[in-house]
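Trainee: Mind folding the following:
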Amino acid sequence: MEETKDTRKVREGEEIDGRKIEKFLRQNFDEIPDEPLQVRQFGAGHSNLTYELKAGDWEAVLRRPPKGPVAPKAHDMEREYRVLKALHNKFPLAPEPYVFDEGKVLGKPFFIMERRHGFVVDTEFPDEMKDVPDLARKLSSTMVDRLVELHSIDYKATGLEQMVKPEGFMERQVHGWIKRFDQARTDDVVSGERLKKWLTHHVPDSNEASIIHYDYKLNNAMFNEKAEMTGLFDWEMTTVGDPLADLGAAMSYWIEKDDPGLIQTGLGKPPVTIQDGFYTRDEFIQRYAQRSGRDMEQIHVYVTFAYFKLAGIVQQIYYRYKKGQTNDPRFADMNVFVNNLIEHAEETAGL
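Mentor: Sure, this is the predicted structure:
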């Protein structure tokens, strides 16, 4: 099968039954040509498993939970499918979802969605984008502006209203992620008690609610040769809540060149945002404030919580590795990253 830059051969232990998938596809899609189904895996990501499906010139994407037991309410494929159904027409950067299976075919739920094309910018620039003038600034401003655009959509006009409960969002988030962190904690990570106490005493009191992606980061987006966004992915955490929580989460992923080394390399090679020309977090926040008109007085609280939330997400992944539920070697030292995220969150809070 033709090699592509964003897919790879399926990792050992993460295979899916191609015959069952092909039968399912032909039952649900009349337009698939009579050619063998080819399955490849998208290489990025540490959580859900995503595969490219191709038969002739027909193509789509399959998304399913990771192998082994998962945390309660995590990796909810049906919910992500419904979110995309509700959002695609209002926010076209969200791929169109085609069909959902509750687990009858593979034993795990999955959905099939539209295949988008472009370039994912992660730890280096794709060759096709390197000649774009002011590339780093364009990517930075595009990331801000698309987030503001998402937050400007009336969620009540999308169908999401039936799926969410925006009242008391930050209160639930803080206490919920403390509980998740504690449930997944292993003996080689810090307890974070001082940080958890600070967070419970500084919950922002916000009544504003908007659609939030809640995993908004550069390598969850796709761009064309002009640095225009062509797709936004990984809508698993999407909900309706405080838009500044979304901004805070985005900033926890937006690494700067002056950040501690272990923050830069916690998920592998440092992202391109450490390079000259990219917005700093302060510049990102300032542009967001200008474009959205929102008050940034408490943004340090949102960013502090975002680092703690990220620590909880990483710890859940590490917990699965520690318990032998996955053998992906990328996860072996994630406890070190968790400890550094807690320390970085404490510094952000001024503790």
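
Trainee: Low-confidence ranges, this protein, go.
Mentor: Where the chain drops to pLDDT under 70, the residues are 1-5, 44-47, 68-75.

Trainee: for the longest helix seen in the chain, packing partners?
Mentor: In the chain, taking DSSP state H as the definition, the longest helix is helix 299-322. Helices and strands touching helix 299-322, by 3 or more C-beta pairs under 8 Å, 6 or more residues apart in numbering; DSSP states H and E, are helix 169-184, helix 193-201, helix 243-253, helix 334-349. Using the backbone N, CA and C atoms, a C-beta is placed for each residue, glycine as well.

Trainee: For residue 288, which of these is the nearest?
Mentor: helix 243-253 (5.8 Å; C-beta to C-beta).

Trainee: report the angle between the axes of the closest one and helix 169-184?
Mentor: Interaxial angle of helix 243-253 relative to helix 169-184 (axes from the mean of the first three to the mean of the last three C-alpha atoms, to 10 degrees): 40 degrees.

Trainee: Give me the helices and strands touching helix 243-253, please.
Mentor: For helix 243-253, the elements it packs on are helix 135-151, helix 169-184, strand 210-212, helix 281-292, helix 299-322, judged by 3+ C-beta pairs under 8 Å, 6+ apart.

Trainee: In TSV: these, plus distance to residue 77 and mean neighbour count.
Mentor: Below are the helices and strands packed on helix 243-253 laid out as TSV (distance: least, C-beta to C-beta, whole Å; neighbours: other C-beta atoms under 10 Å):
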stretch	distance to residue 77	mean neighbour count
helix 135-151	21	19
helix 169-184	19	17
strand 210-212	19	24
helix 281-292	31	18
helix 299-322	17	23
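
Trainee: how far off helix 169-184 does the longest helix of the chain point, in degrees?
Mentor: Interaxial angle, helix 299-322 versus helix 169-184 (the same axes, to 10 degrees): 30 degrees.

Trainee: when you give positions from now on, start the count at 49
Mentor: I'll keep to 49 as the first residue from here, and by that count the last item is helix 347-370.

Trainee: send the alpha carbons of helix 347-370 over as PDB?
Mentor: Taking C-alpha atoms only, helix 347-370 is exported to PDB below (Å, rounded to 0.1, in the frame of the first residue of the first chain):
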ATOM      1  CA  ILE A 347      -6.600  33.000  33.400                       C
ATOM      2  CA  HIS A 348      -3.800  31.800  35.700                       C
ATOM      3  CA  VAL A 349      -6.300  29.700  37.600                       C
ATOM      4  CA  TYR A 350      -7.600  28.100  34.400                       C
ATOM      5  CA  VAL A 351      -4.000  27.400  33.200                       C
ATOM      6  CA  THR A 352      -3.100  26.000  36.600                       C
ATOM      7  CA  PHE A 353      -6.100  23.700  36.500                       C
ATOM      8  CA  ALA A 354      -5.200  22.700  32.900                       C
ATOM      9  CA  TYR A 355      -1.800  21.500  34.000                       C
ATOM     10  CA  PHE A 356      -3.300  19.500  36.700                       C
ATOM     11  CA  LYS A 357      -5.900  18.100  34.300                       C
ATOM     12  CA  LEU A 358      -3.200  17.100  31.900                       C
ATOM     13  CA  ALA A 359      -1.300  15.400  34.700                       C
ATOM     14  CA  GLY A 360      -4.500  13.400  35.400                       C
ATOM     15  CA  ILE A 361      -4.800  12.400  31.700                       C
ATOM     16  CA  VAL A 362      -1.200  11.400  31.500                       C
ATOM     17  CA  GLN A 363      -1.500   9.500  34.800                       C
ATOM     18  CA  GLN A 364      -4.500   7.500  33.500                       C
ATOM     19  CA  ILE A 365      -2.400   6.500  30.500                       C
ATOM     20  CA  TYR A 366       0.600   5.600  32.800                       C
ATOM     21  CA  TYR A 367      -1.700   3.600  35.100                       C
ATOM     22  CA  ARG A 368      -2.800   1.400  32.100                       C
ATOM     23  CA  TYR A 369       0.900   0.800  31.300                       C
ATOM     24  CA  LYS A 370       1.800   0.100  34.900                       C
END
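
Trainee: what distance separates it from the centre of its chain?
Mentor: With C-alpha atoms, centre = their mean, to the nearest Å as the basis, helix 347-370 stands 13 Å off its chain's centre.

Trainee: now stretch 183-192
Mentor: Remark: stretch 183-192 is offset 18 Å from the chain centroid, using C-alpha atoms, centre = their mean.

Trainee: In TSV, list the helices and strands packed on helix 291-301 along with distance to residue 128.
Mentor: Shown next, in TSV, are those (distance: least, C-beta to C-beta, whole Å):
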stretch	distance to residue 128
helix 183-199	16
helix 217-232	18
strand 258-260	14
helix 329-340	25
helix 347-370	16
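
Trainee: tell me the SS of the residue most central in space within the chain?
Mentor: Nearest residue to the geometric centre of the chain (C-alpha atoms, centre = their mean): residue 263, 3.5 Å. The three-state assignment at residue 263 reads coil, by DSSP: H, G, I helix; E, B strand; the rest coil.

Trainee: Quick check on it: phi, psi?
Mentor: Main-chain torsions, residue 263, degrees, to the nearest 10: phi -150, psi 40.

Trainee: Looks like it contacts residue 297 (just checking).
Mentor: Yes. In this structure residue 263 lies within contact range of residue 297 using C-beta atoms under 8 Å: 7.0 Å.
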